[in-house]
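1. All I have is the shape, not the residue letters:
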């Protein structure tokens, strides 16, 4: 389920990182990845720490002008569960929250505030990260059902078309009940991209309203990066404020297909990758500042930093995209993340760096760092 324009020509100093916000677009689906792809999680139930609502790339009319106001349900409050979305063909079964803030999209698909509710006349927009719930969005076909259940009833949509849409372009409104599902494109990209994968669908059947009960409890923060608390106090470890360039997400999978799909189409990949980003940035910051004790706290007991290309270096510039690979065991549990930066300029020389991160009971530890001179 944050569109950053990463400027690879800029160089970091040890005193300050340039804050590289893009055009102010929200993170959408896998974005991440919503970008896509990877901020810290907030409490999804109480919503007492939500980020400010970011501009959404899919600008649609707030309500269809032909409808009488009485025919429309009032917009639910930001962060509340408005219903569920079930797409069997791509293994999506999730609660849908109202709003598309960074923190909300980290744990659930979000309904774009300002678009009509699903089933009403007009265009309803539901966004999710491409790294999570909408990772398989491009596999939908016109015969596949998209089932949205709200307090108004159950609404069954069928795909009518798919399109690659510019992130800053408006989506067309409609007089008929229409649904648009949105994720960042391409679907294996991390962090928000300049394009969106959009599936348009029309209502084909509706059923009377029944009492709605959310099928799941929205939770975040399943994973945590193991590090001394001083690191988080001293440094800003969030992707939005650093210069890691756009990356890609792949898997080293040992699980059965249905178990693999359950992991991918959940909030877990983005939560995990968010913590992996924190780990890499903590490694860089503590290394550049020569803080040996804090650097050691990132590693598994018994492991050491070894050859460190960032040690007391002044300038770091990521030339190429940073790629992430999640390893799943036969039970579908994430056991490791491998992060590969194929070309990093450190002061005056280029190196390729691979970080091996081991996961023990949902806690991330640096295991091994491999460095190759280019």
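-> Thanks, I have it. Keep in mind the model is a prediction, meaning the values are calculated, not measured. Numbers count the residues shown, from 1 in each chain.
2. Okay, strands next: where are they in the stretch 251-374 of the chain?
-> 316-318, 323-328, 334-346, 349-360, 363-373 (DSSP state E, counting those that start in this stretch).
3. Return the distance of the first one from the chain's centre.
-> Put simply, strand 316-318 sits 23 Å off its chain's centre (Cα atoms, centre = their mean, to the nearest Å).
4. before we move on, what about stretch 168-187?
-> 18 Å.
5. can you tell me the average pLDDT over it?
-> If you average the pLDDT over stretch 168-187, you get 90.
6. circling back to that earlier point, format the strands of the stretch 251-374 of the chain as CSV; extra columns: mean pLDDT.
-> As requested, these are arranged in CSV below (pLDDT from 0 to 100):
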stretch, mean pLDDT
strand 316-318, 90
strand 323-328, 95
strand 334-346, 95
strand 349-360, 95
strand 363-373, 94
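7. Save these as a markdown table, and put in mean neighbour count too.
-> No exception for glycine: its C-beta is placed from N, CA and C like everyone else's. Below are the strands of the stretch 251-374 of the chain laid out as a markdown table (neighbours: other Cβ atoms under 10 Å):
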| stretch | mean neighbour count |
| --- | --- |
| strand 316-318 | 20 |
| strand 323-328 | 20 |
| strand 334-346 | 19 |
| strand 349-360 | 18 |
| strand 363-373 | 17 |
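8. Can you show me the strands along the stretch 1-150 of the chain?
-> 81-87, 92-98, 110-111, 122-127, 145-150.
9. which residue packs closest to residue 205, ignoring adjacent ones?
-> Sequence neighbours aside, residue 156 is the residue nearest to residue 205 in space, at 4.3 Å (criterion: Cβ to Cβ, 6 or more residues apart in numbering).
10. now swap in residue 158 and tell me
-> Residue 158 sits nearest to residue 204 (Cβ to Cβ, 6+ apart), 5.0 Å away.
11. The one you found reaches residue 155, doesn't it?
-> No - with contact defined as Cβ atoms under 8 Å, residue 204 does not count as touching residue 155 (9.0 Å).
12. With neighbour numbers in mind, choose between those two.
-> Using other Cβ atoms under 10 Å as the criterion, residue 204 and residue 155 rank with residue 155 on top: 23 against 12.
13. Would you mind listing the buried residues in stretch 265-280?
-> The neighbour-count check on stretch 265-280 (16 or more other Cβ atoms under 10 Å) flags 265-280 as buried.
14. from those residues, which ones fall inside helices?
-> The members of the buried residues of stretch 265-280 that map onto helices under DSSP state H are 268-280.
15. on that earlier part again, closest one to residue 169 among the strands of the stretch 1-150 of the chain?
-> strand 122-127 (13.1 Å; Cβ to Cβ).
16. partners of that closest one, with directions?
-> Its sheet considered, strand 122-127 pairs with strand 110-111 (antiparallel), strand 177-185 (parallel) by DSSP bridges.
17. for the shortest one, what is the average pLDDT?
-> This points to strand 110-111. On average, strand 110-111 scores 94.
18. what's next to it, contact-wise?
-> 1, 82, 96-101, 104, 117-118, 124-128 (Cβ atoms under 8 Å, 6 or more residues apart in numbering).
19. Most neighbours out of those, which is it?
-> residue 1 (36 neighbours).
20. Give the residue spans of this protein that score low on pLDDT.
-> Low-confidence segments of the chain (pLDDT under 70): 1-73, 192, 209-221, 240-241.
21. Can you spell out the domain ranges of it, please?
-> If you go by the TED database, the domain ranges for the chain are 80-208, 224-373.
22. Quick check: end-to-end length of the last one?
-> Think domain 224-373. One end of domain 224-373 sits 31 Å from the other (Cα to Cα, to the nearest Å).
23. mind checking how far that domain is from the chain centre?
-> With Cα atoms, centre = their mean, you get 16 Å for domain 224-373.
24. on that earlier part again, parallel or antiparallel, which strands does the helix or strand where the residue nearest to residue 205 lies pair with?
-> Taking DSSP states H and E as the definition, residue 156 sits inside strand 153-166. Applying DSSP bridges to the sheet, strand 153-166 is found paired with strand 145-150 (antiparallel), strand 195-207 (antiparallel).
25. so how far is that strand from its chain's centroid?
-> 21 Å.
26. in it, what counts as buried?
-> 153-159, 162, 165.
27. so that strand versus strand 81-87, what angle?
-> In terms of direction (axes from the mean of the first three to the mean of the last three Cα atoms, to 10 degrees), strand 153-166 departs from strand 81-87 by 70 degrees.
28. what's strand 153-166 in contact with?
-> 57-58, 118-119, 138, 140-149, 171, 177, 179, 182, 185, 194-210.
29. Name only those of these that count as buried.
-> Buried among the contacts of strand 153-166 by 16+ other Cβ under 10 Å: 57-58, 118-119, 138, 140, 144-149, 171, 177, 179, 182, 185, 194-201, 203, 206.
30. since we're on the nearest residue to residue 284 once chain neighbours are set aside, how many residues are nearby?
-> Leaving out its chain neighbours, the residue that sits closest to residue 284 by Cβ to Cβ, 6+ apart is residue 310, at 5.4 Å. By other Cβ under 10 Å, 23 other residues sit near residue 310.
31. Residue 310 reaches residue 280, doesn't it?
-> No - the pair residue 310 and residue 280 fails to qualify as a contact (Cβ under 8 Å) at a distance of 10.5 Å.
32. Pull the contacting residues for residue 372.
-> Contacts of residue 372 (Cβ under 8 Å, 6+ apart): 351-353.
33. and which of those residues is nearest to residue 295?
-> residue 353 (14.5 Å).
34. hang on, the closest one packs against residue 338?
-> No - using Cβ under 8 Å, residue 353 makes no contact with residue 338, being 11.3 Å away.
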